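Undergrad: my questions concern the predicted model and sequence given below.
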Amino acid sequence: MKKWLAFLFLGALLVFSLTSAWSDKKEEKVEGQQTPEAQAEQDGAGMKAPNAPEGLKVGQEAPDFTLETLQGETVKLSDFKGKKVFLNYWASWCPPCRDEMPEMQRFHEEFEDEVVILAVNGTGSEDNLNDVKDFVIEGGFSFTVLLDQELEINQLYQIISIPTTYFIGTDGVIQEQRIVGPMTYDYMVKMKNALN
């Protein structure tokens, strides 16, 4: 089952990559405004597949989950209710994820008292856990890394491409549209300020 989920996950990434390469980028205008996706890309957050599922909705309570950290500690999302949370889904083999991580570390070092970063690794899609550990140690990443061994969070949060980030407010509710693609430091600051 685990290998099947990993192949499904990798297949979705391949479809996303091919679709992105073949489709022309178009910025839709709505009453003179950019769409959220176009604005996010302009702000340095990445891109979304043209026919991608929308994922969990703004205003929806973020589904709770329990995962282990790299250090073997158990963490629940609900443990962080009352804090702003960036829930980022990534893998060590993903180039955009690797590019994003130093930006996340910089943000974490400056704003760790205001925002919790939960970096959920799609461990079920990794060759082995040592790849994840080595990447985190070599990068000096000190935010919380969680291990999605069975890719359950991948399904629960409807992750179709990585990196994907959900923005959860202090009330435990998804307050801003998810971002598919790597975030910049400046974009993270903007999203921090947008959350309640």
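TA: Everything's here; your move.
Undergrad: for the rest of this, base every contact and every neighbour count on C-alpha atoms.
TA: Will do.
Undergrad: mind listing the helices for the protein?
TA: Under the criterion DSSP state H, the chain contains helices at 2-22, 36-42, 95-111, 129-139, 152-156, 185-194.
Undergrad: now Val136: how far from Glu100?
TA: Val136 is 13 Å from Glu100, where distance means C-alpha to C-alpha, to the nearest Å.
Undergrad: meant to ask about Ala194, not that
TA: Ala194 is 20 Å from Glu100, where distance means C-alpha to C-alpha.
Undergrad: neighbour-wise, which of these two wins?
TA: The neighbour comparison of Ala194 against Glu100 (other C-alpha atoms under 10 Å) goes to Glu100, with 18 against 12.
Undergrad: what is the neighbour count of the closest residue to the more buried one other than its chain neighbours?
TA: Once flanking residues are discounted, Glu100 sits nearest to Pro182: 5.3 Å by C-alpha to C-alpha, 6 or more residues apart in numbering. Counted with other C-alpha under 10 Å, the neighbours of Pro182 add up to 27.
Undergrad: would you check that Pro182 makes contact with Asp99?
TA: Yes - taking C-alpha atoms under 8 Å as the definition, Pro182 is a contact partner of Asp99 at 7.3 Å.
Undergrad: residue ranges with poor pLDDT in this structure?
TA: 1-54 (pLDDT under 70).
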